[in-house]
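1. Provided below are the primary sequence and the corresponding predicted coordinates.
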Amino acid sequence: MTLPKNIVMIHFDDGYKSVAEYGYSILSIQNMKGTAFPICKWTGIGEHMTMHDLQFLQNHGWSICNHTFSHESMTKISFGRIRNEIAFVLTLFQSYGLTGGMFLAYPRGLYDDKVINIVSKSCLLARTTRGSMVGKDIGRYNVPSVGISSYNQYCEYIEKLEGSNIIILLFHSVGASSKRATNISISDLMKICRDLNKRRKSNQLEVLTMEEYYEQIMKENCDSEYTYIW
Ligand SMILES: [Zn+2]
């Protein structure tokens with residue numbers, strides 16, 4: 001198997017409806033798939049995706065992964081609740097045929113050694129955020145990502161790829177409608193995806209979903225050949 005030179009993943013946290021409404025189409029035009037981490041407690045409420053939206057995305061190649069049931073900071077709740085927060089989502093996902101429940105994104109990126117100890121018993125991988133990295137040791141339960149809110153910010157990171165790098169681009173909502181600070185505009189997301197596709201066509205990188213990354217890279221232990229950019 002030939003490994004991709006660099007790996008890029010496109011993550012959307014918290015399950016905003018705008019990801020299904022705009023994000024999906026923007027990525028699809030460039031033949032790309034993303035990974036969504038919905039807050040299950042909020043699915044179908046207000047500006048959040050429904051379970052049907054999530055099924056739609058998965059049916060079109062996206063990974064739908066675990067962001068816990070209620071998005072509580074895991075460093076602040078009991079062991080039992082951490083377990084339940086993950087298990088609720090696994091059960092819910094199972095009943096809707098969603099397959100990415102074993103891949104976690106820590107709510108607010110928060111974790112510590114105790115959290116990792118519990119999470120590692122039911123999850124294959126856990127992702128954090130740049131500002132929440134504990135130390136500099138990157139392992140399967142402290143996978144870093146970079147929050148992106150503009151095309152210019154994306155350019156700063158993408159230019160760091162040198163071969164054998166992985167970067168996880170983290171977004172929340174898409175378009176101007178949301179109050180979120182980490183919102184990306186439709187035009188900037190289009191520019192980012194166009195640029196990624198161009199780089200992909202010239203073999204600089206491959207864009208993978210979380211499940212593809214696991215199947216193609218981690219399962220074979222090839223992830224050790226890569227360094228994360230964060
Ligand atoms: Zn979140």
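-> Nice, I can see it.
2. Remind me what the longest strand along the chain packs against, helices and strands.
-> Determined from DSSP state E, the single longest strand within the chain is strand 6-14. In terms of contact count using 3 or more CB pairs under 8 Å, 6 or more residues apart in numbering; DSSP states H and E, strand 6-14 is assigned the packing partners strand 35-38, strand 165-171, strand 206-208, helix 210-213. Every C-beta, even on glycine, is put in place using the N, C-alpha and C of the backbone.
3. quick one: strands adjacent to the longest one?
-> Partners of strand 165-171 in the sheet, by DSSP bridges, are strand 6-14 (parallel), strand 146-147 (parallel), strand 227-228 (parallel).
4. After that strand, which helix or strand is next?
-> helix 186-201 (DSSP states H and E).
5. Could I get the buried residue list for that next one?
-> Within helix 186-201, the residues that qualify as buried are Ile186, Asp188, Leu189, Met190, Lys191, Ile192, Cys193, Leu196, Asn197, Arg199, Arg200, counting by 16 or more other CB atoms under 10 Å.
6. What parts of this structure come near the ion?
-> Asp13, Asp14 (CB under 5 Å from the ion).
7. quick one: low-confidence ranges for the chain?
-> 1, 135-136, 176-181 (pLDDT under 70).
8. rerun at 90
-> For the chain, the stretches with pLDDT under 90 are 1-4, 129-139, 176-183, 219-220, 230.
9. on that earlier part again, looking at the helices and strands packed on strand 6-14, which is nearest to Tyr151?
-> Evaluated over the helices and strands packed on strand 6-14, closeness to Tyr151 peaks at strand 165-171, with 11.4 Å, by CB to CB.
10. starting at the chain centroid, how far to the helix or strand harbouring Leu57?
-> Using DSSP H and E, Leu57 sits in helix 51-59. On the basis of CA atoms, centre = their mean, to the nearest Å, helix 51-59 sits 16 Å off its chain's mean C-alpha point.
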